[in-house]
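*Asks:* with the input below, show me the fold.
(one chain, ligands or ions: 2)
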Amino acid sequence: MPMLSDPSVKYRQFPPVHLPNRQWPSRTINKAPRWLSTDLRDGNQSLPDPMSIDEKRSYFTKLVEIGFKEIEVAFPSASQTDFDFTRFAVETAPADVSIQVLSPCREELIKRTVESLKGAKKATVHIYLATSDCFRNVVFGLTKEESKNLAVKCTKLVRQLTKDDPSQSGTIWDFEFSPETFSDTNLDYAIEVCEAVKAAWEPSVEQKIIFNLPATVEMATPNIYADQIEYFSTNVTEREKICISLHPHNDRGCSVAAAELAQMAGADRVEGCLFGNGERTGNVDLVTLALNLYTQGITPKLDFSDIGSVIDIVEKCNKIPVHARAPYGGSLVVCAFSGSHQDAIKKGFASHEKKLIEAQSTGKRVHWEMPYLPLDPADIGRTYEAIIRVNSQSGKGGSAWVILRNLELDLPRGLQVAFSKVVQERAEVKGQELTNEELCDLFINEYYIDYQGDEVFKDQQYKLVDYSISTPAKGLKQIDAEIEIGGKSVKIEGRGNGQLSAFNNALAKYLNIDLNVKHYHEHSLGEESNAKAATYIEISSSNKISRWGVGVHEDVSQASFLSLISILNGLHRSGEIN
Ligand SMILES: CC(=O)SCCNC(=O)CCNC(=O)[C@H](O)C(C)(C)COP(=O)(O)OP(=O)(O)OC[C@H]1O[C@@H](n2cnc3c(N)ncnc32)[C@H](O)[C@@H]1OP(=O)(O)O
Ligand SMILES: CC(C)C(=O)C(=O)O
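*Replies:* Ligands and ions are numbered 1, 2, ... in the order given. Here you go, the predicted structure:
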């Protein structure tokens, strides 16, 4: 048995942090943190095929466009590609973007790293050293004292090569230290190392030192990470000279929650990657974090107005697809297939549009209150057409939405019900989603909608050729019409108190059937000069036949005649009339 019946013989529960006076649970997040994208470093180092220089360039350009002001661009001592790309970033970055690079605590690698930043306007040198017992013992074989001394020695070296070197004075130098594996490090020891590093760097309130406290491996529930951050934040000295940065990984699938709770616990900055790329299960997803803020009404200071173009770059450069269910950006995230979701969304949009119209006179704010959609898809460049897609799990609301969005036809409820049966049948036969085009074709063919008057439907028995209307007496209309039945021209005539009833009576008399109009709806569609009328009619007859018809024409009366013709064709197809 690969899985143990008692996993406690192999795995231990992560110990809680003793923090009886913890404050973070009653705090809220009210502003965006400082963001650092490490897509080009932590993201890149985890890829089977690391990015080429060209790929890194296009990714970097996109990150700048999104609004990142701190970008970790490389591990310059790792490869010539990374070194060269750092040079490119240094030479092309806007003045307000800080170029960050990473180095281990090794003298020769630090020298090479600083060399890659020469001439930068703003730069951050980031060094790391694992501080957990496990890493010190297993990976480095260093005592606590030796590890601390190494961190201090390397900090001093960075200082000497950067802010203390007069030839480097053209650059604004920041320094970041990561006690790697912080999430598994004794907190008092993490603070001890950071205090020593701080003393070596000598930060100021204006030029803070960045302590990046990584959940190198996510090892516990997110509240524990928040406790660790609050403990660090409240026990470290000169807090005002420190920027506390988060670097959560997603091993337990909770990195977003961990980053949010840890901001409540006092963190100022978050490092992560777009769509959560990165080692193993990835770094925290910055798209989710930013849009989580946005949907709480907080400006994230990152712009995902055109999320499609971000996804294109991420997929092209990482060579890993963004999951269809990725929060906010995934292709299926703003799509509803199931009937009750579609119904609620359709009603939600109708209510929202009504509120927007009312707000034009009242000036009231209209907040986004949309069933099932926490974010307005339009805000990230997604169209409303894509929201509702139809398959065999869908109901009347879904098809009605597609018809409304694509054909501008606002189907009455009874017709929605009738058409949804047709859709259901087709979806079950196909066994797959129906595209919007297929759905519109199905509707047009089901109701014989002839927009231009020249459509040929393969089983069309009845056709309106021409007609004239007269008024033989006050309040009485007469119609003389020519229709085609099975390709033969037939003259019919009838009278009624209106044009529709006159035509209806003419058809009923000629065909010898009852055609009682049960429901009639009409609306206009299109813009002024091209405006048309759409009419929807349901008829019932004494032998319980009920059927909807749809007509679209510039002239509203003719549209209603076409609705009746549509009904006759439907009845003929189902064998109820000849
Ligand atoms: C959590 C993170 O993401 S950290 C960033 C990790 N990123 C990368 O490793 C990508 C780039 N890395 C590389 O190109 C290479 O690993 C290099 C150039 C840094 C080093 O290469 P090599 O000298 O061949 O070392 P190698 O990769 O085999 O092993 C790592 C060595 O560095 C040591 N090391 C690991 N982390 C650190 C650190 N933070 N500071 C100092 N030494 C470290 C290890 O103990 C090991 O030392 P040893 O050879 O004495 O046992
Ligand atoms: C270098 C550090 C910050 C890191 O990548 C990690 O701990 O995951």
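*Asks:* contacts and neighbour counts: CA atoms only from here.
*Replies:* Fine.
*Asks:* for ligand 1, what's its nearest residue on the stretch 251-400 of the chain.
*Replies:* For the stretch 251-400 of the chain, the nearest residue to ligand 1 under the criterion CA to the nearest ligand atom is residue 279, separated by 7.3 Å.
*Asks:* check contacts around that residue.
*Replies:* Shown in contact with residue 279 (CA atoms under 8 Å, 6 or more residues apart in numbering): 42-43, 45-46, 249.
*Asks:* which residue ranges form the strands in the stretch 151-300 of the chain?
*Replies:* Secondary structure of the stretch 151-300 of the chain (DSSP state E, counting those that start in this stretch): strands located at 172-180, 209-215, 242-248, 269-272.
*Asks:* dump those strands to CSV, plus distance to ligand 1, mean pLDDT and mean neighbour count.
*Replies:* As requested, the strands of the stretch 151-300 of the chain are exported to CSV (distance: least, CA to the nearest ligand atom, whole Å; pLDDT from 0 to 100; neighbours: other CA atoms under 10 Å):
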stretch, distance to ligand 1, mean pLDDT, mean neighbour count
strand 172-180, 7, 98, 23
strand 209-215, 8, 99, 24
strand 242-248, 10, 99, 25
strand 269-272, 12, 99, 26
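*Asks:* distance to residue 285 added to those, as a markdown table?
*Replies:* Putting those into a markdown table (distance: least, CA to CA, whole Å) gives the following:
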| stretch | distance to residue 285 |
| --- | --- |
| strand 172-180 | 19 |
| strand 209-215 | 14 |
| strand 242-248 | 9 |
| strand 269-272 | 6 |
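*Asks:* tell me which of those strands lies nearest to residue 485.
*Replies:* For the strands of the stretch 151-300 of the chain, distance to residue 485 was read as CA to CA. The smallest value, 69.3 Å, belongs to strand 269-272.
*Asks:* check which helices and strands the closest one sits against.
*Replies:* Strand 269-272 sits against strand 34-37, strand 242-248, with contacts defined as 3 or more CA pairs under 8 Å, 6 or more residues apart in numbering; DSSP states H and E.
*Asks:* need the next SSE after the first one, C-terminal direction.
*Replies:* I take that to be strand 34-37. Where DSSP states H and E defines the elements, the next helix or strand beyond strand 34-37 is helix 44-45.
*Asks:* do that following helix and ligand 2 meet at all?
*Replies:* No - shown here: helix 44-45 not in contact with ligand 2 (CA under 6 Å from any ligand atom), separated by at least 9.6 Å.
*Asks:* elements contacting the helix or strand following that helix?
*Replies:* Proceeding N to C from helix 44-45, the next assigned helix or strand is helix 53-66, under DSSP H and E. Helix 53-66 is packed against helix 80-92, helix 307-318, with contacts defined by 3+ CA pairs under 8 Å, 6+ apart.
*Asks:* dump the strands of the stretch 151-300 of the chain into JSON lines; add distance to ligand 2 as well.
*Replies:* Converted to JSON lines, those look like this (distance: least, CA to the nearest ligand atom, whole Å):
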{"stretch": "strand 172-180", "distance to ligand 2": "5"}
{"stretch": "strand 209-215", "distance to ligand 2": "5"}
{"stretch": "strand 242-248", "distance to ligand 2": "6"}
{"stretch": "strand 269-272", "distance to ligand 2": "8"}
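*Asks:* so which of the ones you listed comes closest to residue 377?
*Replies:* With CA to CA as the measure, strand 269-272 is the member of the strands of the stretch 151-300 of the chain nearest residue 377 (23.6 Å).
*Asks:* other residues contacting that closest one?
*Replies:* Applying CA under 8 Å, 6+ apart, the external contacts of strand 269-272 come out as 33-39, 243-248, 259, 263, 283-286.
*Asks:* repeat that for stretch 35-52.
*Replies:* Outside of stretch 35-52, the residues within contact range by CA under 8 Å, 6+ apart are 56, 59-60, 63, 68-75, 81, 101-102, 269-274, 277-280, 282-283, 286, 317-319.
*Asks:* same question, stretch 312-327
*Replies:* Judged by CA under 8 Å, 6+ apart, the contacts made with stretch 312-327 from elsewhere in the structure are 44, 47, 49-51, 55-56, 58-59, 62, 274-275, 288, 311, 329-333.
*Asks:* name the residues of that stretch that are buried.
*Replies:* Going by neighbour count (16 or more other CA atoms under 10 Å), the buried part of stretch 312-327 is 313-314, 317-318, 322, 326-327.
*Asks:* I'd like those residues laid out as JSON lines, including distance to ligand 2 and pLDDT.
*Replies:* Output for the buried residues of stretch 312-327, formatted as JSON lines (distance: CA to the nearest ligand atom, whole Å; pLDDT from 0 to 100):
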{"residue": "313", "distance to ligand 2": "22", "pLDDT": "98"}
{"residue": "314", "distance to ligand 2": "19", "pLDDT": "98"}
{"residue": "317", "distance to ligand 2": "20", "pLDDT": "98"}
{"residue": "318", "distance to ligand 2": "17", "pLDDT": "98"}
{"residue": "322", "distance to ligand 2": "21", "pLDDT": "98"}
{"residue": "326", "distance to ligand 2": "22", "pLDDT": "98"}
{"residue": "327", "distance to ligand 2": "22", "pLDDT": "98"}
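*Asks:* just the strands in the stretch 451-578 of the chain please.
*Replies:* 462-473, 476-485, 488-496, 516-525, 532-540, 546-553.
*Asks:* how about those in CSV, adding distance to residue 373, mean pLDDT and mean neighbour count?
*Replies:* Rendered in CSV, the data for these read as follows (distance: least, CA to CA, whole Å; pLDDT from 0 to 100; neighbours: other CA atoms under 10 Å):
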stretch, distance to residue 373, mean pLDDT, mean neighbour count
strand 462-473, 44, 96, 15
strand 476-485, 49, 97, 19
strand 488-496, 50, 97, 17
strand 516-525, 28, 95, 16
strand 532-540, 31, 96, 22
strand 546-553, 32, 96, 25
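*Asks:* and the residue of the stretch 351-500 of the chain nearest ligand 2?
*Replies:* residue 380 (29.3 Å).
*Asks:* check which helices and strands the helix or strand hosting residue 352 sits against.
*Replies:* The secondary structure element spanning residue 352 is helix 339-362 (assigned by DSSP H and E). Counting contacts by 3+ CA pairs under 8 Å, 6+ apart, helix 339-362 packs against helix 396-407.
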